[in-house]
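J.: Sequence and predicted structure, then a few things I'm wondering about:
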Amino acid sequence: MSKLLNSLITEMRRGSLTLAVLSQLKSPQYGYSLVQRLESSGIVIDQSTLYPLLRRLEKQELVTSTWDTSESRPRKYYVLSDYGYEIFNELKAEWERTSLQLHNLLQGEEKDGLN
């Protein structure tokens, strides 16, 4: 894969990863459980990408976190805030609109023989 293509794919995935992570935080999740849930849906995310993303989402007040120290190994759980729910729903609606528009555009390309 060329450097340019790899860079474009990374750029395209960046926004979709945010939406994917938010979609899984309706119930509290810790980092590893979140990675597993995403991977079971076919979305691969490296921990070196996930944790900075979670910290950014927390700083933006889209998620809140709490520590669970009841187990032998403490875990930090993340969950959507009320504001996070609002933003998630808006992002989801925008994703669906944009996906449909892009799908229609690409279908038209196939019909025109440009594929």
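T.: Here it is on my side, so go on.

J.: okay, CA-based contacts and neighbour counts for the rest of this
T.: Fine.

J.: What are the boundaries of the strands in the protein?
T.: For the chain, the strands defined by DSSP state E occupy 29-30, 63-68, 75-80.

J.: partners of the second one in the sheet?
T.: Spelled out, that is strand 63-68. strand 75-80 (antiparallel) (DSSP bridges).

J.: same thing with the shortest one?
T.: According to DSSP bridges, the neighbouring strands of strand 29-30, each with its direction, are strand 75-80 (antiparallel).

J.: one step back: any chance of the strands of the chain in a markdown table, with distance to T49 too?
T.: Below are those laid out as a markdown table (distance: least, Cα to Cα, whole Å):
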| stretch | distance to T49 |
| --- | --- |
| strand 29-30 | 14 |
| strand 63-68 | 16 |
| strand 75-80 | 15 |
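
J.: hey, which of these is tucked in deepest?
T.: Sort the strands of the chain by mean neighbour count, taking mean count of other Cα atoms under 10 Å, and strand 75-80 sits at the top with a mean of 20.

J.: for the record, mean pLDDT for stretch 26-34?
T.: Regarding stretch 26-34, the rounded mean pLDDT is 95.

J.: which parts of that stretch are buried?
T.: Judged by neighbour count (16 or more other Cα atoms under 10 Å), stretch 26-34 contains these buried residues: 26, 28-30, 34.

J.: quick one, longest helix in this protein?
T.: Longest among the helix segments of the chain by residue count, using DSSP state H, is helix 82-111.
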